[in-house]
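**Student:** Pasting a predicted model and its sequence here:
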Amino acid sequence: MLLSEVIIESETDQNITISKDSWKKIQDEVLKTEKNLTKADFKNYVGKIKLSIDPLKYQKSIRNDW
């Protein structure tokens with residue numbers, strides 16, 4: 001769904017009211033996207049790190065710098 005397809009019913013500096021039909025289309029798009037996600041989609045963001053220092057000691061040392 002393109003943003004140009006969203007029907008704006010009213011607009012202020014802090015709020016935008018869209019039509020119920022537009023909202024339903026947005027929800028459907030989000031659900032389609034969520035359903036199509038696989039483990040492979042997340043592989044680029046998964047991993048582990050090795051630390052040479054104890055994480056709590058590092059955290060305390062950083063906090064002491066302030």
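**Tutor:** Nice, thanks for sending it over. Numbers count the residues shown, from 1 in each chain.
**Student:** Could I get the phi/psi values of Val6?
**Tutor:** Dihedral angles of Val6 (phi, psi; degrees, to the nearest 10) stand at phi -80, psi 130.
**Student:** Same question for Glu9.
**Tutor:** In terms of degrees, to the nearest 10, the main-chain angles of Glu9 are phi -90, psi -40.
**Student:** Mind pulling up the pLDDT for it?
**Tutor:** Residue-level confidence at Glu9 comes out at 79, pLDDT.
**Student:** distance between the least confident helix or strand in the chain by mean pLDDT and the chain's centre?
**Tutor:** Considering only helices and strands, the least confidently modelled element of the chain by mean pLDDT, DSSP states H and E is helix 39-42, at a mean of 76. Averaged C-alpha coordinates place helix 39-42 at 16 Å from its chain's average position (C-alpha atoms, centre = their mean, to the nearest Å).
**Student:** most residues in a single helix of this structure, which one?
**Tutor:** Using DSSP state H, we find that the single longest helix of the chain is helix 20-35.
**Student:** Can I get that helix in PDB? Just the C-alpha atoms.
**Tutor:** As requested, C-alpha coordinates have been extracted for helix 20-35 and formatted as PDB (Å, rounded to 0.1, in the frame of the first residue of the first chain):
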ATOM      1  CA  LYS A  20     -11.200   2.900   8.600                       C
ATOM      2  CA  ASP A  21     -10.700   1.300   5.200                       C
ATOM      3  CA  SER A  22      -7.100   2.800   5.000                       C
ATOM      4  CA  TRP A  23      -6.400   1.500   8.500                       C
ATOM      5  CA  LYS A  24      -7.600  -2.000   7.500                       C
ATOM      6  CA  LYS A  25      -5.300  -2.000   4.400                       C
ATOM      7  CA  ILE A  26      -2.300  -1.000   6.600                       C
ATOM      8  CA  GLN A  27      -3.000  -3.700   9.100                       C
ATOM      9  CA  ASP A  28      -3.400  -6.300   6.300                       C
ATOM     10  CA  GLU A  29       0.000  -5.300   4.800                       C
ATOM     11  CA  VAL A  30       1.700  -5.500   8.200                       C
ATOM     12  CA  LEU A  31       0.200  -9.000   8.800                       C
ATOM     13  CA  LYS A  32       1.400 -10.200   5.400                       C
ATOM     14  CA  THR A  33       4.900  -9.000   6.100                       C
ATOM     15  CA  GLU A  34       4.900 -10.600   9.500                       C
ATOM     16  CA  LYS A  35       3.700 -14.000   8.200                       C
END
